[in-house]
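>>> give me a model of this one.
(2 chains)
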Number of protein chains: 2
Amino acid sequence: MNAMRTDDGVTLAVSTVIFALGERGLRIPLVRRIREPFDGRWALPGGPILVEEGLESAARRNLLATTGVRSTYLEQLYCFGDPDRSPNERVISIVYWALVRSDEAALAAENENVRWFPADDLPELAFDHNVIVAYALSRLRTKMEYSQIAHAFLGPTFTLAELREVYEAVLSRPLDPANFRRQVEKSLIDTGERLTGARHRPPRLYRYDASPATKDEASHVVS
Amino acid sequence: MNAMRTDDGVTLAVSTVIFALGERGLRIPLVRRIREPFDGRWALPGGPILVEEGLESAARRNLLATTGVRSTYLEQLYCFGDPDRSPNERVISIVYWALVRSDEAALAAENENVRWFPADDLPELAFDHNVIVAYALSRLRTKMEYSQIAHAFLGPTFTLAELREVYEAVLSRPLDPANFRRQVEKSLIDTGERLTGARHRPPRLYRYDASPATKDEASHVVS
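Predicted structure coming up:
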């Protein structure tokens, strides 16, 4: 169960960027470093890859061990390997990212060394982790424009207002409700049900259209 | 200048998937292995990462050394690291991909140990390289539908027929010329020039619209 570290002092590691949607927008969990380099700074949760372990398993294991977040779905983001990204040794980090629903995020308690931060207002992090988070945010925003990734923040059914709030949180700006409705409606299916509650006109509940034509990657140029 | 290899026998490597557009469709260069494992099998060009070298530089250096292909642009595809992808040791491969124009590809001579193969009709390759090529092909096809990546196969100006040929080669199927024109025209700029030659009605030359609104990632859902 040795971690991967070469004779030359090169270390292989995994890190994860976890996005959750809180009441005050998009948030990510960070872990306080308790040793050099960057002792005391906040960093992405992560750790070593064990020799007998797959990369995604390593990411999931380290995420759970450091933050208590259990994410069923992780996607590989990028492998960061600039020779000078760590001061005294070379560290090559394979970074995963995921979206978790706020109820999943709520299970991960904060403590002195684990805290959730607003994704667009982070302190100066250890290593190149600010760059990594910025890259993950950009990937999330791009992907939300051509796929159904917003789904990951929502339950199986949702109102148009709930879906718009996800987009507004990820993009950090308000969207016009009528324009938004027009643009997303074709990829949604009206469940015929309405949000239960005491309201006079409860809003409709939608779900994503999972048919091949609209699923995941939309087909734009080629028909 | 040692390659990265841990005490445990874990090796870090880079590989590249290079796509070129030939007269008979999409082609990729492969290198014949001359040692075990998979002695004699064809494999993706690649090799070790040197300790002082960036990942992309390592990919570019190995590509040139093994195939003679000099690609100015490489993009990271994925990091493949399943524990059992190589029979006797663990190899973690950071894979890059690129498109090259046919004139760039032509500079790389074939020999007994370097050959260009049709991308959709490969022999059984070493390691998990068939899986890697399939993944790269899928990424190329997806990306072509929402970005201007087809551009990489063409010069700065091109006819609609040339652009359609790129799409047909990548997608391995014919496209209706009128539909294709309608779908791509909005992202193209008519240069006002025409293809020179002896034809009675030489076709118009286009270039991609590089304005932010249409460049690279198109904006679909959110306005």
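>>> mind listing the strands for chain A?
Assigned by DSSP state E, chain A shows strands spanning A:10-22, A:25-32, A:42-43, A:46-48, A:75-80, A:90-100, A:114-118, A:188-194, A:204-208.
>>> next, the angle from the last one to strand A:188-194.
Yep, that's strand A:204-208 we're talking about. In terms of direction (axes from the mean of the first three to the mean of the last three C-alpha atoms, to 10 degrees), strand A:204-208 departs from strand A:188-194 by 150 degrees.
>>> what of the second one?
Orientation check (the same axes, to 10 degrees): strand A:25-32 against strand A:188-194 gives 100 degrees.
>>> now strand A:25-32: mean pLDDT?
Mean per-residue pLDDT for strand A:25-32: 93.
>>> enumerate the positions of it that are buried.
A:26-32 (16 or more other C-beta atoms under 10 Å in any protein chain shown). For the C-beta atoms, the positions are set from N, CA and C on the backbone; glycine is no exception.
>>> surely residue A:139 and residue A:98 touch.
No. With contacts defined as C-beta atoms under 8 Å, residue A:139 does not count as touching residue A:98, sitting 11.7 Å away.
>>> more crowded one of these two?
Comparing residue A:139 with residue A:98 by other C-beta atoms under 10 Å in any protein chain shown, the one with more neighbours is residue A:98, at 22 against 16.
>>> okay, now residue A:102: neighbour count?
12.
>>> so what's residue A:90 bridging to?
residue A:10 (DSSP bridges).
>>> state the mean pLDDT of stretch A:185-198.
Here the average pLDDT along stretch A:185-198 is 86.
>>> contacting residues around it?
A:148, A:157, A:159-160, A:163, A:202-209, A:214, A:218 (C-beta atoms under 8 Å, 6 or more residues apart in numbering or on different chains).
>>> buried ones in the worst-scoring helix or strand of chain A on mean pLDDT?
Least confident helix or strand of chain A, by mean pLDDT, DSSP states H and E, is helix A:102-106 with a mean of 74. Across helix A:102-106, burial judged by 16+ other C-beta under 10 Å covers A:104-105.
>>> give me the contacts around that helix.
Contacts for helix A:102-106 (C-beta under 8 Å, 6+ apart): A:18, A:20-22, A:27, A:29, A:69-71, A:116, A:153.
>>> what about it, distance to the chain center?
Centre-to-centre, helix A:102-106 and its host chain are 13 Å apart (C-alpha atoms, centre = their mean, to the nearest Å).
>>> what about chain A, any weak spots by pLDDT?
Chain A contains residues with pLDDT under 70 at A:1-9, A:107-108, A:198, A:211-223.
>>> can you list the domains in it?
Split into domains by automatic domain parsing, chain A comes to A:10-144, A:147-208.
>>> look at the first one and report the distance between its end residues.
The one in question is domain A:10-144. Using C-alpha to C-alpha, to the nearest Å, one end of domain A:10-144 lies 35 Å from the other.
>>> same check, this time on the last one
Domain A:147-208 stretches 11 Å from its first residue to its last (C-alpha to C-alpha).
>>> ok, back up a step: can I get the least confident helix or strand of chain A as PDB, trimmed to CA atoms?
C-alpha atoms of helix A:102-106 as PDB (Å, rounded to 0.1, in the frame of the first residue of the first chain):
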ATOM      1  CA  SER A 102     -27.000  20.200  -1.400                       C
ATOM      2  CA  ASP A 103     -28.400  17.300   0.700                       C
ATOM      3  CA  GLU A 104     -25.300  15.200  -0.100                       C
ATOM      4  CA  ALA A 105     -23.000  18.200   0.700                       C
ATOM      5  CA  ALA A 106     -24.800  18.700   4.000                       C
END
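>>> which elements pack onto the longest helix along chain A?
Secondary structure of chain A per DSSP state H: the longest helix is helix A:129-146. Other helices and strands packing on helix A:129-146, by 3 or more C-beta pairs under 8 Å, 6 or more residues apart in numbering or on different chains; DSSP states H and E, are strand A:10-22, strand A:75-80, strand A:90-100, helix A:160-171.
>>> nearest to residue A:62, of these?
Among these, strand A:10-22 comes nearest to residue A:62, with 5.9 Å by C-beta to C-beta.
>>> which strands and helices sit next to that closest one?
strand A:25-32, strand A:46-48, helix A:55-67, strand A:90-100, helix A:102-106, helix A:129-146, strand B:10-22.
>>> now with 7 Å?
strand A:25-32, strand A:46-48, helix A:55-67, strand A:90-100, helix A:102-106, helix A:129-146 (3 or more C-beta pairs under 7 Å, 6 or more residues apart in numbering or on different chains; DSSP states H and E).
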